[in-house]
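> Dropping a prediction and its sequence here:
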Amino acid sequence: MLANSTPVFLLASAEPALLAALEPILAADGARVEIFFSAEAALPALTAAHAPTLALIDVNLPGMEMGQLLAAARVEATGRHFPIILIADTITQEWITRLAEGVVDDLLPRSTEPAFLRLRVEAVLRGHRQLRELELLREAAQLDAQTDRLTGVYNRETMLSMMCRETDRVQRMNSSLCMILFDIDDFGHWNSRLGTDICDELLCQVVARTARLLRSYDLLGRAGKDEFLIALPGCSSVNAVMLAERLRMDVFSSPFRVNGDAVRLSACFGIATSTGRSPVVVLREAEQALLVAKATGPESIQCSGDFPEPCAAPVAFLSSTSGDELLAW
């Protein structure tokens, strides 16, 4: 019934005749059948990390009321990714309602012929696989809408949305939030000299180096073609400047290796502090600070408002000890 791996069917019933009739049908294609005689015994298997492929449960299973068993399975499992079929003497309105609510995936009368039961099981598994494929496609589409396709970091719209959430936290907790906006110097020159494909690889390497310096809850996004935005929850202006200096050193002072060349990039940094204000306003201040930094010269750091002026002098482009023949601009 499943081509990729050995199916595992959970069969729960205390009725020997039902077990004897169903087990050979379920095991016909080499599936493994796990049999449980009570609700207490079946519940751990229903909520285990390695869930069964499908569960067939007799509504007369002793040890726990069936509605309670199904509810416990849904609450305790981190996510039920397998279908459940109930086997009953009669199909009551209660079970029809559970089916409509998605609590169970199919209902089978106890008198179902073995050949027909096999077809129903296959239909349930097929429908469940199609539903999971649709869910995965939906999740992929949602992720694609939130991230930059080239670098995999958040896009500008998603960053603004997430910063609205962080701003709410700043207002509630009276904490800090800083943004660092940085732009790679003269990237248009590199596009002309090296081509789009090589420059795309350079951007990916910049993102990878940057991400290694951030905390797990910091936010990194692509704000423009060669412009990136970092949101730093709980970070003061002083610490944001220190991070910008570290980015300047650890990300950009070492050459990037692309297509056999060692390319030396640099960037300018604009920093702004939230203090609970609108992310759009704060981003605009970071953009203004970045413009001042770019006017100052390559590798400059500028804070908005009255915070300290641009920090220490830029790092030298060429190292006498690197031994690299660098492409530099």
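Yep, it's here. Numbers count the residues shown, from 1 in each chain.
> Quick check: phi and psi on the closest residue to residue 231 other than its chain neighbours?
Nearest non-adjacent residue to residue 231, counting by C-beta to C-beta, 6 or more residues apart in numbering: residue 219, 4.0 Å away. No exception for glycine: its C-beta is placed from N, CA and C like everyone else's. Backbone geometry at residue 219, expressed as degrees, to the nearest 10, gives phi -110, psi 140.
> Repeat that for residue 223.
phi -90, psi -20.
> Quickly find the element holding the residue lying closest to it once chain neighbours are set aside.
Closest residue to residue 223 apart from its sequence neighbours, by C-beta to C-beta, 6+ apart: residue 229 at 4.3 Å. Using DSSP states H and E, residue 229 sits in strand 227-233.
> Not counting that strand itself, show me its contacts.
The contact list for strand 227-233, computed with C-beta atoms under 8 Å, 6 or more residues apart in numbering, reads 153, 156, 159, 162-163, 166, 169-170, 175-184, 206-207, 210, 214, 217-223, 239-240, 243, 283, 286, 290.
> Repeat that for stretch 19-38.
1-2, 6-14, 42, 45, 52-53, 56, 61-64, 114, 117-118, 121.
> Sitting in strands, which of those residues do you find?
8, 9, 10, 11, 12, 56 (DSSP state E).
> hmm, back to that, quick one, what contacts the residue nearest to residue 231?
Residue 219 touches 154, 159, 162, 163, 166, 229, 230, 231, 233, counting by C-beta under 8 Å, 6+ apart.
> could the residues you listed be laid out in CSV, adding pLDDT?
As requested, the contacts of residue 219 are exported to CSV (pLDDT from 0 to 100):
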residue, pLDDT
154, 93
159, 91
162, 89
163, 89
166, 89
229, 96
230, 96
231, 95
233, 93
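> Please report which of those has the highest neighbour count.
residue 230 (28 neighbours; other C-beta atoms under 10 Å).
> What residues are bridge-paired with that one?
residue 180, residue 220 (DSSP bridges).
> which helices and strands sit right next to the top helix by length along the chain?
Of all the elements of type helix in the chain, the one with the most residues (DSSP state H) is helix 114-146. Here helix 114-146 touches helix 16-26, strand 54-58, strand 84-88, strand 106-109, going by 3 or more C-beta pairs under 8 Å, 6 or more residues apart in numbering; DSSP states H and E.
> thinking in terms of the whole chain, how far from its middle is the following helix or strand past that helix?
Beyond helix 114-146 on the C-terminal side, the first helix or strand identified by DSSP H and E is helix 156-173. Centroid separation for helix 156-173 versus its chain: 18 Å, with C-alpha atoms, centre = their mean, to the nearest Å.
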